[in-house]
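generate a structure from the sequence data that follows.
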Amino acid sequence: MDIISVALKRHSTKAFDPSKTLTDEQVEKVKTLLQYSPSSTNSQPWHFIVARTPEGKARVAKSAAGGFVFNERKMLDASLVVVFCAKTAMDDAWLERVVNQEEADGRFATPEAKAANHKGRTFFADMHRKDLKDDNHWMEKQVYLNVGNFLLGVAALGLDAVPIEGFDAAVLDEEFGLKAQGFTSVVVVPVGYHSVEDFNASLPKSRLPLSTIVTEC
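Prediction:
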């Protein structure tokens, strides 16, 4: 696979073909992309709603009412819709959960190695939640790392997608009881196959030139 070709080919899909669905194998690969994204200190401060049924997609699409109605069809017509959610606060219990999972996955040769890893992650978590007091923004940044990884990944799987910030997060949080679980919705990404109505599929990509965005030294 040539990842550069994938990056050059992918686009933000403006219309999906509702007649096309993903196989169970494809759905599992999509979920694997979500699970294995990088994050700062491997903190993984996220949760994902994967809406695959018409009923599930309709629940997500409630957030596209009113001023965001232009995104409703994307959510309803896509094969599935992923809601990317960020933790609302970084708590000690989550840090313990992460390090215990790492231990279960065999990442530590000794108890001392586990303790050192936990200390390092806690240092950065404390920097944001106690010193800078911006842990909610820090965790949203990790979710966006996942979104970027996800968009390139689904394109490599031959699927189309579009990241959506145009939705009512309050409506979506209420619909799925996210705040009570310690999360809030950040980005919605419909995934599937573009339709003939997707005008963006045939347009040339446009980016600022390298001379504008890159400084080599």
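
what's the helix or strand for the residue sitting nearest the centre point of the chain?
For the chain, the residue lying nearest the average C-alpha position, counting by Cα atoms, centre = their mean, turns out to be Val147 (3.6 Å). When elements are assigned from DSSP states H and E, Val147 belongs to helix 135-156.

buried sites along that helix?
Taking 16 or more other Cβ atoms under 10 Å as the basis for neighbour counts, the residues of helix 135-156 that come out buried are 135-136, 138-140, 142-143, 146-147, 149-151, 153-156. Any C-beta I mention is one placed from the backbone N, CA and C, and that applies to glycine too.

helices or strands next to that helix in the packing?
Helix 135-156 makes packing contacts with helix 3-9, helix 24-35, strand 46-51, strand 80-87, strand 160-161, strand 183-192 when contacts are defined by 3 or more Cβ pairs under 8 Å, 6 or more residues apart in numbering; DSSP states H and E.

and the ones you listed, which is most packed in?
strand 160-161 (a mean of 28; mean count of other Cβ atoms under 10 Å).

could you list the low-pLDDT ranges of the protein?
When residues are selected by pLDDT under 70, none of them lie in the chain.

surely Leu151 is in contact with Ile164?
No - in this structure, Leu151 sits apart from Ile164 without contact. The criterion is Cβ atoms under 8 Å, and the distance is 11.7 Å.

now do the shared contacts for the two.
Shared contacts of Leu151 and Ile164, defined by Cβ atoms under 8 Å, 6 or more residues apart in numbering, are found at Val189.

what does Ala93 show for phi and psi?
As for Ala93, its main-chain torsions (degrees, to the nearest 10) stand at phi -60, psi -40.

picking up where we left off before, tabulate the helices and strands packed on helix 135-156 (TSV), appending distance to Lys114.
Supplementary listing: those in TSV, determined by distance: least, Cβ to Cβ, whole Å:
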stretch	distance to Lys114
helix 3-9	34
helix 24-35	21
strand 46-51	23
strand 80-87	22
strand 160-161	37
strand 183-192	27
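
closest to Ala125 out of those?
Ala125 lies closest, by Cβ to Cβ, to one member of the helices and strands packed on helix 135-156: strand 80-87, at 10.9 Å.

what is that closest one packed up against?
Contacting strand 80-87 under the criterion 3+ Cβ pairs under 8 Å, 6+ apart are the following elements: helix 24-35, strand 46-51, helix 54-61, helix 135-156, strand 183-192.

mind putting those into CSV with distance to Met127?
Converted to CSV, the helices and strands packed on strand 80-87 look like this (distance: least, Cβ to Cβ, whole Å):
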stretch, distance to Met127
helix 24-35, 26
strand 46-51, 19
helix 54-61, 34
helix 135-156, 9
strand 183-192, 21
